[in-house]
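>>> The following block contains a protein sequence and its predicted model.
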Amino acid sequence: MKAFVTLFLAFAASSASAFVTIVPPKIIATHQTQHQQRLSKLDAQRNESSQSYQDSWLSLTTTAAPIISAAAIFAFTVASYPSPATAGDVTKGSQIFTSTCAGCHAGGNNFIKEKKTLKKEALEKYVGLDETKIAEFFKKSFVHQNQAGGGKMSEEDVADVISYVVSQAVNDSW
């Protein structure tokens, strides 16, 4: 294959020189002019498509930038607000806990299931210290459904009590 290519190139080169001597210079000049025009058109098309690409990219970035900025601001704002389960008032939670929960959980204990206290170690072991998870556990717990599901405690009351319980547990205040 390599020998064929070399031979072909040698033949093409020798033919070209013979061709130039036979063809009148005016035809060569015309051919060169036409070739230059075609190259110019191709360059113009390439520049156009490049400019078109740049314009479309610029259009995309100028359109997308405000949207991306708004999304980032929204995400940051939403992330900075506490969820309803973590938005509790510890002082109100203490009052509600004393009147509603202390019968079974005085001092952070659990008089029904002694190992599942409200103290830090037990919460970490059984539920975790995430207020959202504690709220879910509280609402699903059969024993607590009467308070939460029975309408005795509002969502706000539940959030307040959970904030109080987590505060007490984390600070080892029981």
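Looks like it arrived, so ask away.
>>> okay, CA-based contacts and neighbour counts for the rest of this
OK.
>>> tell me, how many neighbours does the closest residue in space to Tyr126 that isn't next to it in sequence end up with?
Spatial nearest neighbour of Tyr126, excluding adjacent residues (Cα to Cα, 6 or more residues apart in numbering): Lys116 at 7.3 Å. Lys116 has 17 neighbouring residues, counting by other Cα atoms under 10 Å.
>>> Lys119 too?
For Lys119, the count of nearby residues is 22 (other Cα under 10 Å).
>>> what residues are up against it?
Shown in contact with Lys119 (Cα atoms under 8 Å, 6 or more residues apart in numbering): 108-109, 168-169, 172, 174.
>>> Which members of those occur in helices, if any?
Members of the contacts of Lys119 lying in helices (criterion: DSSP state H): 168-169.
>>> Can you lay out the contacts of Lys119 as a markdown table showing distance to Gln37, pLDDT and neighbour count?
Below are those laid out as a markdown table (distance: Cα to Cα, whole Å; pLDDT from 0 to 100; neighbours: other Cα atoms under 10 Å):
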| residue | distance to Gln37 | pLDDT | neighbour count |
| --- | --- | --- | --- |
| Gly108 | 90 | 94 | 20 |
| Asn109 | 92 | 95 | 19 |
| Gln168 | 84 | 95 | 19 |
| Ala169 | 83 | 93 | 21 |
| Asp172 | 86 | 92 | 12 |
| Trp174 | 90 | 91 | 15 |
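>>> Helix, strand, or coil at Lys152?
Under DSSP: H, G, I helix; E, B strand; the rest coil, Lys152 falls in the coil class.
>>> correct me, but it touches Asn146?
Yes. Assessed by Cα atoms under 8 Å, Lys152 is found in contact with Asn146 at 7.4 Å.
>>> Asp160: which element?
Following DSSP states H and E, the helix or strand that holds Asp160 is helix 155-170.
>>> Can you name every helix or strand that that helix contacts?
Here helix 155-170 touches helix 90-96, helix 120-126, helix 131-140, going by 3 or more Cα pairs under 8 Å, 6 or more residues apart in numbering; DSSP states H and E.
>>> These: which one's closest to Leu42?
Smallest distance to Leu42 across these (Cα to Cα): 63.9 Å, for helix 131-140.
>>> low-scoring stretches of this structure, by residue?
1-25, 27-28, 31, 48-66, 69-87, 147-151 (pLDDT under 70).
>>> where do the strands sit along it?
Under the criterion DSSP state E, the chain carries no strands.
>>> Let me know the distance separating the residue nearest to Tyr126 from Ile68.
46 Å (Cα to Cα, to the nearest Å).
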